[in-house]
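Visitor: All I have is the shape, not the residue letters:
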């Protein structure tokens with residue numbers, strides 16, 4: 001293994017918990033936010049795709065079913081939170097750039113950006129940054145719901161944060177509260 005690959009492994013987190021693998025009681029805290037419509041059924045994906053992978057690679061036989069499922073969910077969260085796609089029309093061209101991912105995001109403000117070029121990726125600071133100042137990359141102008149589902153955090157304040165509601169549910173709630 002090359003030193004660069006080992007360095008990348010050192011930079012990646014040991015644990016990551018996106019809403020897609022939260023327990024139901026934790027997800028219930030977000031009821032009404034629309035997050036439930038954004039989260040795929042990861043257990044269904046696990047059964048459909050990755051059990052066939054486990055069966056295709058004999059070396060995975062030493063990993064228990066429970067441990068393999070944990071690894072699958074960790075890998076899925078890692079790719080979701082730390083990958084990017086430069087061209088949205090080519091979603092299968094996914095890149096993981098752990099060193100670039102070590103920069104934080106702050107909505108509406110960034111002083112550095114990752115640029116994709118044909119033969120390279122470059123992280124370029126585009127403002128004057130005094131020594132010791134934190135560098136911020138941009139993950140896009142995303143609302144908190146999208147940040148939480150894809151990256152596992154929310155940003156406060158977030159000028160792109162939105163609140164969605166079902167007008168029928170709202171009218172029913174209004175009606176029942178006026179009757180009671």
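Guide: Perfect, thanks for sending it. Just so it is clear, the structure is predicted and the values come from calculations on it, not from any experiment.

Visitor: Would you map the helices across this structure?
Guide: For the chain, helices defined by DSSP state H occupy the ranges 3-11, 24-27, 35-38, 42-45, 51-56, 65-82, 98-101, 144-151, 167-179.

Visitor: of all the ones you listed, which lies closest to residue 159?
Guide: Evaluated over the helices of the chain, closeness to residue 159 peaks at helix 144-151, with 10.8 Å, by CB to CB. Just so you know, the C-beta spots here come from the backbone N, C-alpha and C atoms, and that holds for glycine as well.

Visitor: Below-threshold pLDDT in this protein: ranges please.
Guide: Within the chain, the segments meeting pLDDT under 70 span 1-9, 11, 40-51, 85-94, 98-101, 163-165, 180.

Visitor: same thing but at 50, please
Guide: 1-2 (pLDDT under 50).

Visitor: on that earlier part again, out of the helices of the chain, deepest packed?
Guide: Stretch with highest mean neighbour count among these: helix 144-151 (a mean of 19; mean count of other CB atoms under 10 Å).

Visitor: Please name the nearest non-neighbouring residue to residue 151.
Guide: Among residues not flanking residue 151 along the chain, residue 81 sits closest, at 5.0 Å (CB to CB, 6 or more residues apart in numbering).

Visitor: how close does that neighbour sit to residue 120?
Guide: Noted for residue 81: a distance of 23 Å to residue 120, by CB to CB, to the nearest Å.

Visitor: And for residue 54?
Guide: 36 Å.

Visitor: so residue 74 makes contact with residue 17?
Guide: No: if you go by CB atoms under 8 Å, residue 74 and residue 17 don't touch, sitting 9.3 Å apart.

Visitor: on that earlier part again, got the helices of the chain as a markdown table, with distance to residue 109 columns?
Guide: Output for those, formatted as a markdown table (distance: least, CB to CB, whole Å):
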| stretch | distance to residue 109 |
| --- | --- |
| helix 3-11 | 23 |
| helix 24-27 | 30 |
| helix 35-38 | 25 |
| helix 42-45 | 32 |
| helix 51-56 | 41 |
| helix 65-82 | 20 |
| helix 98-101 | 17 |
| helix 144-151 | 14 |
| helix 167-179 | 33 |
